[in-house]
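Trainee: Okay, predicted coordinates and the sequence, questions at the end:
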Amino acid sequence: QVQLLESGGGLVQAGGSLRLSCAATGYGFDKYAMGWFRQAPGKEREFVAAIGWSGTGTKYADSVKGRFTISRDNVKNTVTLQMSGLKSEDTGKYYCAADLGFGDNWYEGDVLGAWGPGTQVTVSS
């Protein structure tokens, strides 16, 4: 199983960019689909983006399509979320997640592999 740790969060102005990274330790990173979720205060956690085992398949929430890009490096065992055109509604705690499957379970938040502790992103308007 993998253990996950996010980094790269912070405070950014609306319209700006931010890059989140997730470092995985443990065994079998390339056997896991990876993704990101976020949770704003008072709201439920929501799916943001996911990427398949080899990096050729991706999924995005409609709210971030065209603004966010997910990628992975199976040599460095990292997954990255490049965020641009940030809006105040992108504010929240962002969590890295891993799962052996790469189906609709990601849209439903049904991810059973591993979760990181999260990193805070705050977008000021």
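Mentor: Noted; the coordinates are in hand.
Trainee: chain center to the helix or strand bottoming out on mean pLDDT in the chain: distance?
Mentor: In the chain, the helix or strand scored least confidently by mean pLDDT, DSSP states H and E is strand 114-115, which has a mean of 95. Put simply, strand 114-115 sits 11 Å off its chain's centre (CA atoms, centre = their mean, to the nearest Å).
Trainee: Would you quantify the distance from Thr91 to Gly35?
Mentor: Separation of Thr91 from Gly35 (CB to CB, to the nearest Å) stands at 19 Å. C-betas here are computed from N, CA, C, even on glycine.
Trainee: Would you mind telling me which of these two has the busier surroundings?
Mentor: More crowded of Thr91 and Gly35, by other CB atoms under 10 Å: Gly35, with 29 against 20.
Trainee: Okay, and the beta partners of the more buried one?
Mentor: Assessed by DSSP bridges, Gly35 has beta-bridge partners Ala50, Ala97.
Trainee: didn't it look like it was pressed against Tyr107?
Mentor: No. Assessed by CB atoms under 8 Å, Gly35 is found out of contact with Tyr107, at 10.0 Å.
Trainee: Downstream of the least confident helix or strand of the chain, the next helix or strand is which one?
Mentor: Next helix or strand after strand 114-115 toward the C-terminus (DSSP states H and E): strand 119-124.
Trainee: so the residue nearest to Gly8 when sequence neighbours are not counted is in which element?
Mentor: In this structure, Gly8 finds its nearest non-sequential neighbour in Leu20, 4.3 Å apart by CB to CB, 6 or more residues apart in numbering. Following DSSP H and E, the helix or strand that holds Leu20 is strand 18-26.
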